[in-house]
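Engineer: using only what follows, build the 3D model:
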Amino acid sequence: MKPLFIVIFLLFSGFFSMSISAGGSDVMLDPADIQLEDRDAIKRGAKLFVNYCLNCHSANLMRYSRIAEDLGMSNDEVSSQLITTGAKVGDTMKVTIVEEDARRWFGTAIPDLSVIARARGVDWLYTYLRSFYRDDSRPWGVNNSVFKDVGMPHVLWELQGLQVPVMEKYTDEQGNPSEVISGFELIEKGTLSTTEYDAAVRDLVTFLAYLGEPGKLQRLALGKWVLLFLAGLLVLTFLLKKEYWRDIH
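Structural biologist: Residues are numbered from 1 along each chain as shown. Prediction:
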């Protein structure tokens, strides 16, 4: 039993450490608290994605028709609400930006966002999209406390507005003083209030989470029936074992 316990412990420890490091940032992350079963939130997030993200970021592993099927939307609804280009309902969510142009404008290739929620984690995305701040030293005039010196402009600034960091003095264990960002102060209001913007980002992150694993809800729903079946099979197996061993015991 001891070797088996050690193996289980090591597997659990490895999984736990991967979960902790998934965000790839030392910044304290805010909980996204998304509800993946909320189809309306996914729809709202999808609209934000195609209007603000899909101009540069593709989602090549997702087809518009799959979104229509999963969210109960007709092809006409998808065409009018989610397709802003000449794409067809059966097409994947591609972009027309050329990679060479992207490298010249942003300094790097623009990543596809099909599995970004699985790679970064929903808490990371939720915090990242709310942590842009004004920085005149950067090419796009903004920086991000979660992803320092990121090449991405703040595409949602019209919704959130512009904010500046609130700095706090900090002394490390060796006695070296420094400053860290403790919060943000809004200097230019956007079209949404802070609460409304947080809700909009949560919807967008919900869509990105759905994008990374569109079959998750079906898998979870099927999993409940599988567990019930295995529980029933366990009872039958136990009764069968008792019947076989009745004469011996």
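
Engineer: C-alpha only now, for contacts and for neighbours.
Structural biologist: OK.

Engineer: domain ranges for this structure?
Structural biologist: 30-214, 218-249 (automatic domain parsing).

Engineer: which SS class is Glu69?
Structural biologist: Secondary structure state of Glu69, per DSSP: H, G, I helix; E, B strand; the rest coil, is helix.

Engineer: returning to what we had before: reformat the domains of the chain into TSV and put mean neighbour count and mean pLDDT next to each item.
Structural biologist: Below are these laid out as TSV (neighbours: other C-alpha atoms under 10 Å; pLDDT from 0 to 100):
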stretch	mean neighbour count	mean pLDDT
domain 30-214	17	92
domain 218-249	11	85
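
Engineer: top strand in this protein by residue count?
Structural biologist: Determined from DSSP state E, the single longest strand within the chain is strand 177-189.

Engineer: roughly how far does the residue located most distally from the centre of the chain sit from Thr237?
Structural biologist: Here the chain reaches farthest from its C-alpha mean at Asp247, the gap being 58.4 Å by C-alpha atoms, centre = their mean. As for Asp247, its distance to Thr237 is 17 Å (criterion: C-alpha to C-alpha, to the nearest Å).

Engineer: spell out the secondary structure type for the residue farthest from the centre of the chain.
Structural biologist: Per three-state DSSP, Asp247 ends up coil.

Engineer: the helices in the chain, which residues?
Structural biologist: All helices of the chain, identified by DSSP state H, fall at 2-21, 39-48, 64-71, 75-81, 99-106, 116-120, 122-128, 157-160, 194-212, 216-244.

Engineer: what's near enough to touch the spatially most central residue of the chain?
Structural biologist: For the chain, the residue nearest the mean C-alpha position is Ala117 (3.0 Å; C-alpha atoms, centre = their mean). Shown in contact with Ala117 (C-alpha atoms under 8 Å, 6 or more residues apart in numbering): 125, 205, 208-209, 211-212.

Engineer: likewise Tyr210?
Structural biologist: 36, 42, 216.

Engineer: repeat that with 10 Å
Structural biologist: Contacts of Tyr210 were listed using C-alpha atoms under 10 Å, 6 or more residues apart in numbering, and they are 36-37, 39, 42, 45-46, 67, 70, 114-115, 117-118, 204, 216-217.

Engineer: can you tell me how far it is from Lys169?
Structural biologist: 40 Å.

Engineer: pretty sure Glu99 sits against Asp112.
Structural biologist: No: in this structure Glu99 lies outside contact range of Asp112 using C-alpha atoms under 10 Å: 11.5 Å.

Engineer: shared neighbours of those two, anything?
Structural biologist: What both Glu99 and Asp112 touch, as defined by C-alpha under 10 Å, 6+ apart, is the set Cys56.

Engineer: now Lys47. Nearest residue, chain neighbours left out?
Structural biologist: Once flanking residues are discounted, Lys47 sits nearest to Leu82: 6.0 Å by C-alpha to C-alpha, 6 or more residues apart in numbering.

Engineer: check contacts around the one you found.
Structural biologist: Counting by C-alpha under 10 Å, 6+ apart, Leu82 touches 43, 46-51, 64, 67-68, 76, 89, 93.

Engineer: Gly190: which of those residues is nearest?
Structural biologist: Comparing those against Gly190 with C-alpha to C-alpha picks out Leu48 as the nearest, at 15.5 Å.

Engineer: if I look at the closest one, how far off is Thr237?
Structural biologist: Distance from Leu48 to Thr237, by C-alpha to C-alpha: 52 Å.

Engineer: Ile83 too?
Structural biologist: For Ile83, the distance to Thr237 (C-alpha to C-alpha) stands at 53 Å.

Engineer: what of Ser178?
Structural biologist: Ser178 is 65 Å from Thr237, by C-alpha to C-alpha.

Engineer: just Gly161 next, same as before
Structural biologist: Counting by C-alpha to C-alpha - Gly161 and Thr237 are separated by 63 Å.
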